[in-house]
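>>> quick one: sequence plus predicted model below, questions after.
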Amino acid sequence: MSACVQAAIAAEVGHLNLADDYLAAAALMDLDDLEHNTRDGLHVASLAGVWTGLVAGYGGMRHNDGSLSFSPRLPPGLTRLTFGLLLAGRTLRVEITHTAASYSLLDGKTLNILSPSAGHGVRRGTADLLHPSPAANRDQTHSTPRARPHTPPS
């Protein structure tokens, strides 16, 4: 599971290529039989962790005190990330590109979404109150690419 969490944190701090590597390791755990034990069954937690790595990492989603916030950032090789959520009887669809993010409340009561307004995608800014209706679109802020850190030896 640590690869999934490390992917989310690497994305949050701007190391998107490193996040890619961690997500690939988690996603390929069974396909490449990285631990030489796939014959014993799938690593379901790792598979679920990939979703978490994508949504919390590249989507920048956080859920605190009953509200959702997003600080999306995509690596250069990924053009779009789309995912759905079911939260307290609400159905939300999120679509992120390099230039914009849209949040659509498809069903349920109004929902407050916090999204960044400036900086490197880690500060929370403006709030959108979503009603079941067409998407609320937000321009994306771009983070400055960082030099790749060294990973610890395996």
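Nice, thanks for sending it over.

>>> could you use CA atoms for every contact and neighbour count after this?
Fine.

>>> how many other residues sit next to Arg146?
By other CA atoms under 10 Å, 11 other residues sit near Arg146.

>>> pLDDT below threshold where in the protein?
Applying pLDDT under 70 to the chain flags the ranges 1, 32-33, 115-128, 133-145, 154.

>>> show me where it has helices.
Ranges of helices in the chain, per DSSP state H, are 2-12, 16-27, 44-52.

>>> which among those helices is found nearest to Leu78?
Leu78 sits nearest to helix 16-27 of all the helices of the chain, at 9.8 Å, using CA to CA.

>>> next, the angle helix 44-52 makes with the closest one.
150 degrees (axes from the mean of the first three to the mean of the last three CA atoms, to 10 degrees).

>>> distance from the chain centre to helix 16-27, please.
Distance, stretch centre to chain centre, for helix 16-27: 12 Å (CA atoms, centre = their mean, to the nearest Å).

>>> show me what contacts the closest residue to Arg90 other than its chain neighbours?
Closest residue to Arg90 apart from its sequence neighbours, by CA to CA, 6 or more residues apart in numbering: Gly108 at 4.3 Å. The contact partners of Gly108, taken as CA atoms under 8 Å, 6 or more residues apart in numbering, are 89-91, 132.

>>> distance of Gly108 from Leu129?
According to CA to CA, to the nearest Å, Gly108 and Leu129 sit 13 Å apart.

>>> next: Leu16.
For Leu16, the distance to Leu129 - CA to CA - is 29 Å.

>>> check Ala10 too.
Applying CA to CA to Ala10 and Leu129 gives a distance of 29 Å.
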